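Asks: I would like to see how this sequence folds:
(2 chains)
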Amino acid sequence: MSISDYALAIEDLTVSFDGFKAVDGLNLYIEKDELRVIIGPNGAGKTTVLDLICGKTKSTDGSIMFMNKEMTKLAEHEIVHAGVGRKFQTPSIYENLTVYENLEVSYPKGRSVFGSIGFKCTQEVDARIKEIAKEVFLEEFLDMESALLSHGQKQWLEIAMLLIQDPQLLMLDEPVAGMSVKEREQTAELLKGICKGRSVLVIEHDMDFVASIADKVTVLHQGKILAEGDMKTVQNNPKVIEVYLGH
Amino acid sequence: MNFIYDRLLGGKNGMIGIAILAALIFIVLPIGLDLFRLNMVGKYLTYAFAAVSLVLLWGYGGILSLGQGIFFGLGGYSMAMFLKLEASSPENTAIQSTPGIPDFMDWNQLTELPWFWQPFDNFGITLIAVILVPTVFAFIIGYSMFKRRVGGVYFAIITQIIAVILTVLIVGQQGYTGGINGITDLRTLHGWDIRTDSAKYILYFINAILLFAVIFLSRYILTSKFGRLLLAMKDKEDRVRFSGYDVSNFKIFVFVLSAVISSIGGAMFTLQVGFMSPSFVGIVPSIEMVIFAAVGGRMSLIGVVYGTLLVNYGKTVFSETLPEVWLFLMGGLFIAVVMFFPNGLAGLWEKHGNKLTACIKNRQCVIAVKAFIENKRAKKAPATSE
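Replies: Numbering: from 1, shown residues only, chains lettered A, B, ... in the order given. All right, here's what the predicted structure looks like:
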């Protein structure tokens, strides 16, 4: 397979903060329609990798090719326009707006200043908002102020805000953190549904949850890849057991 | 129809609010006040432009500018320059060593009108300048700040510094600007004497109409997706950025818009008050504008107009009786508003207004007031007869 066949091809990616290499010569390839999970101990550089892909942190060296386009030089909003969506670790939703308004604001039309002033919430937009809300189990809460949602519902709302943009690559940073057992199961179902037709990159600590969703797992340690493969292989890898899974 | 009702008037509640304010400004005040006081209200209402601009910028955008006086001043000075040139016709200034230039230039040994004054002999260009000068100025400030992601306290301090710089510049370059006295002795607009009683009435109403136009425009923008995006940015800027929006462009736009609105207020100030000076440009007026907005309720386009009127009324009353206390009182008021009712008068109205209207509907209030008045009369009556 050549690089151009991958949805996301990261090569020799390095970022150093005052000499400390948080990500060190990373190579990562993600196929179209793949759901990849990144695990690793605290400080392994997992969140930094997502920051680098979505442009929040600028890389020191290396390249990030997404759909054959170089991302490292683009501004954050341009990376989003290219089709990358990113969910933050703590739910980042607009608490002073309703669920409906949260989704409306995220709808990928009217993204310029004047476009947003002239933006009309047409039937098409309305139907799309309701469709997405249903997908994340929030159709009954559309008019609720989003600050009043439960923690799990906030996580879903943020996922919905990304889904409405129909990204080609969806990055989720600990999507089930703080969720109840039932919510975790629902989220696992949700993720299996949404990874059809797009690539999904998930960071997660909860090993049961990882086992229930992952095609392929990448283990990061000190900014480098320690192991990569399906869940079984990785779980039985002695190096992985030593630094992360052990005890 | 729906567009006007929902987007400009703001639904039923918004319409009631607009109607009450319009009745007050267009009917009650002009009938109830003598011309001197009405002219004063007109002056206060020019500050209301700045307060409305802060609803957009600070209330919704979360960007605190302590420099709205800059733009108020730019508009005011643009208008003053035009009026001054008209007042400085060669006939009027025949006794000067260089007739035909403003008197303060002559006093400062200038013998020629500076290049940047020359466009202001045309009223059309002046009106364009009232819009364009603050646009360019705010764009430069906004672009250099927001593209570098300067925000919060840093932005507030920088706007304050620019207000100081501009004041120092105006005061220091008195040959070009009239210095600390400002631009005074303004008389006519295309031959129409702006100092007469009828002109003062007309200017009051023009100002009021413009204020409502600005409120409608602001309401239109705030009820669009743009308005919701401003609220979203105030809450989670990164989420907006990583949802595909160039956040800085939105901030630059709202900053420029607020500058233009303030500038219109400044131009109307000059017309109604008859002069413009650096004391309406610097830190003190800029902070006062923030206080007007805070007291009125920084999320309410209508509330800030009441806030402006009320604080200025207080200022007039106190500076006539206890001038040294006023600044402390104003500071205390600001702290009290921020600590105890962050949404200002509008917030209080939202919280308790329902009770009041219900009370009026039940007529309990009316009965209570009647009883109170009669009680007072009964007490007063014997006293006066003696």
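
Asks: burial count for residue B:89?
Replies: Residue B:89 has 13 neighbours, counted by other CB atoms under 10 Å in any protein chain shown. For every residue, glycine as well, the C-beta is placed using N, CA and C.

Asks: could you find the closest non-adjacent residue to residue B:180?
Replies: Of all residues beyond its chain neighbours, the one nearest residue B:180 is residue B:171 (5.0 Å), with distances taken as CB to CB, 6 or more residues apart in numbering or on different chains.

Asks: just the element for that neighbour, please.
Replies: Following DSSP states H and E, one finds residue B:171 within helix B:152-172.

Asks: flag every buried residue along stretch B:284-297.
Replies: B:285-297 (16 or more other CB atoms under 10 Å in any protein chain shown).

Asks: re earlier: what's the average pLDDT for the helix holding residue B:171?
Replies: Average pLDDT, helix B:152-172: 95.

Asks: do the same with stretch B:119-129
Replies: On average, stretch B:119-129 scores 95.

Asks: hey, where'd the strands end up in chain A?
Replies: With strands called from DSSP state E, chain A shows them at A:8-17, A:20-30, A:35-39, A:61-66, A:69-70, A:84-87, A:169-173, A:199-203, A:216-221, A:224-229.

Asks: list the contacts of the residue of chain A found nearest chain B.
Replies: Nearest residue of chain A to chain B: residue A:80, at 3.6 Å (CB to the nearest CB). Residue A:80 makes contact with A:54, A:165, A:167, B:242-244 under the criterion CB atoms under 8 Å, 6 or more residues apart in numbering or on different chains.

Asks: just curious, which of the residues you listed is nearest to residue B:309?
Replies: Nearest to residue B:309 among these, counting by CB to CB, is residue B:243 at 39.7 Å.

Asks: what about the closest one, neighbour count?
Replies: Neighbours of residue B:243 (other CB under 10 Å): 26.

Asks: helix/strand/coil for it?
Replies: Following DSSP: H, G, I helix; E, B strand; the rest coil, residue B:243 is assigned to coil.

Asks: picking up where we left off before, wait, which of the buried residues of stretch B:284-297 is closest to residue A:135?
Replies: Nearest member of these to residue A:135, counting by CB to CB, is residue B:297, at 38.4 Å.

Asks: count of neighbours near residue B:22?
Replies: Applying other CB under 10 Å, we find 13 residues neighbouring residue B:22.

Asks: restrict the helix or strand where it lies to CA atoms and write it as PDB.
Replies: For residue B:22, the element it lies in under DSSP H and E is helix B:11-23. Only the C-alpha atoms of helix B:11-23 are listed here, as PDB (Å, rounded to 0.1, in the frame of the first residue of the first chain):
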ATOM      1  CA  GLY B  11     -40.600  38.700  19.600                       C
ATOM      2  CA  LYS B  12     -43.400  39.800  22.000                       C
ATOM      3  CA  ASN B  13     -41.200  40.800  24.900                       C
ATOM      4  CA  GLY B  14     -38.700  42.600  22.700                       C
ATOM      5  CA  MET B  15     -41.500  44.500  21.100                       C
ATOM      6  CA  ILE B  16     -42.900  45.600  24.400                       C
ATOM      7  CA  GLY B  17     -39.500  46.800  25.500                       C
ATOM      8  CA  ILE B  18     -38.900  48.700  22.300                       C
ATOM      9  CA  ALA B  19     -42.400  50.300  22.500                       C
ATOM     10  CA  ILE B  20     -41.900  51.500  26.000                       C
ATOM     11  CA  LEU B  21     -38.500  52.900  25.300                       C
ATOM     12  CA  ALA B  22     -39.700  54.600  22.100                       C
ATOM     13  CA  ALA B  23     -42.600  56.100  24.000                       C
END
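
Asks: could you count how many residues lie near residue A:211?
Replies: 14.

Asks: tell me the confidence at the closest residue to it other than its chain neighbours?
Replies: In space, and not counting its chain neighbours, residue A:211 is closest to residue A:231: 5.3 Å by CB to CB, 6+ apart. Residue A:231 is assigned 87 on the pLDDT scale.

Asks: test my guess that residue A:231 contacts residue A:209.
Replies: No: with contact defined as CB atoms under 8 Å, residue A:231 does not count as touching residue A:209 (11.3 Å).

Asks: more crowded one of these two?
Replies: Using other CB under 10 Å as the criterion, residue A:231 and residue A:209 rank with residue A:209 on top: 22 against 18.

Asks: can you get me a residue count around residue B:108?
Replies: Neighbours of residue B:108 (other CB under 10 Å): 14.

Asks: typo on my end, residue A:122
Replies: 10.

Asks: same question, the one 3 residues further on
Replies: Taking other CB under 10 Å as the criterion, the count of residues near residue A:125 is 17.

Asks: residues in contact with it?
Replies: A:104, A:107, A:109.

Asks: of those, which belong to helices?
Replies: residue A:104 (DSSP state H).

Asks: need the contacts of residue A:125 in CSV with pLDDT, can you?
Replies: Below are these laid out as CSV (pLDDT from 0 to 100):
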residue, pLDDT
A:104, 94
A:107, 94
A:109, 91
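
Asks: filter the contacts of residue A:125 to the buried ones?
Replies: A:104, A:107.

Asks: any weak-confidence spans in the chain?
Replies: If you meant another chain, say so; for now it's chain A. A:1, A:246-247 (pLDDT under 70).

Asks: that's the wrong chain, I meant chain B
Replies: For chain B (pLDDT under 70), the answer is B:1-2, B:359-366, B:368-369, B:380-386.

Asks: how about the residues of it by chain A?
Replies: Applying CB under 8 Å from any CB of the partner chain, we find that chain B lies next to chain A at B:221, B:224-226, B:228-229, B:231-232, B:234-236, B:238-247, B:249-250, B:253.

Asks: of all the residues in the stretch 201-350 of chain B, which one is nearest chain A?
Replies: Closest point on the stretch 201-350 of chain B to chain A, by CB to the nearest CB, is residue B:244, at 3.6 Å.

Asks: got the domain ranges for chain B?
Replies: B:16-342, B:345-386 (automatic domain parsing).
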